[in-house]
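In: Structure here, sequence nowhere to be found:
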């Protein structure tokens, strides 16, 4: 099954370890609001590293999603791994195994994200409920 929609995200700088050498490390809290087939809120943490090379960076994040997926209520956890290699992006967002609760118990899947030039964030979430 697949759902599509938009989301808003708010990042709050938790700490910044501005080192004298690269990479520059930072930790942020995130809060999201999902709309569409997934109607939910999410909270989590993100760790990121920038480099001296323009367009190269990485991030890892964990977020707990709480809400409704096509009418089924519950929570689940998403794990993000993002790499930017000199402007070439690679992103994997996966449901943490056995993290689904309530009507979302047994949820598996992966999500992709698109950010338009106007700043609108879109998600595509392919999932199954076993």
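Out: Structure received. These figures come from a predicted structure and were not determined experimentally.
In: Going by C-alpha atoms from here, please, whenever you check contacts or count neighbours.
Out: OK.
In: quick one: buried residues of the lowest-mean-pLDDT helix or strand in the chain?
Out: Using mean pLDDT, DSSP states H and E, the weakest-scoring helix or strand in the chain turns out to be strand 2-17, at a mean of 88. Buried residues in strand 2-17, counted by 16 or more other C-alpha atoms under 10 Å: 4, 5, 6, 7.
In: From the chain's centre, how far out is that strand? Work that out for me.
Out: Here the centre of strand 2-17 is set off from its chain's centre by 7 Å, with C-alpha atoms, centre = their mean, to the nearest Å.
In: Residues in contact with it: which ones?
Out: 24-38, 120-127 (C-alpha atoms under 8 Å, 6 or more residues apart in numbering).
In: cool, and stretch 92-104?
Out: 69, 72-82, 105-112, 129.
In: residue ranges of the strands in the protein, please?
Out: 2-17, 24-36, 38-50, 57-69, 72-85, 88-95, 107-115, 121-129 (DSSP state E).
In: Distance check, residue 101 against residue 76.
Out: Distance, residue 101 to residue 76, using C-alpha to C-alpha, to the nearest Å: 6 Å.
In: Looking at these two, which is more packed in?
Out: residue 76 (23 against 15; other C-alpha atoms under 10 Å).
In: who touches that one in this structure?
Out: 64, 65, 66, 95, 96, 99, 100, 101, 104, 107.
In: mind redoing it with 6 Å?
Out: 64, 65, 99, 100 (C-alpha atoms under 6 Å, 6 or more residues apart in numbering).
In: Nearest residue to the middle of this protein?
Out: Closest residue to the average C-alpha location of the chain: residue 80 at 5.4 Å, with C-alpha atoms, centre = their mean.
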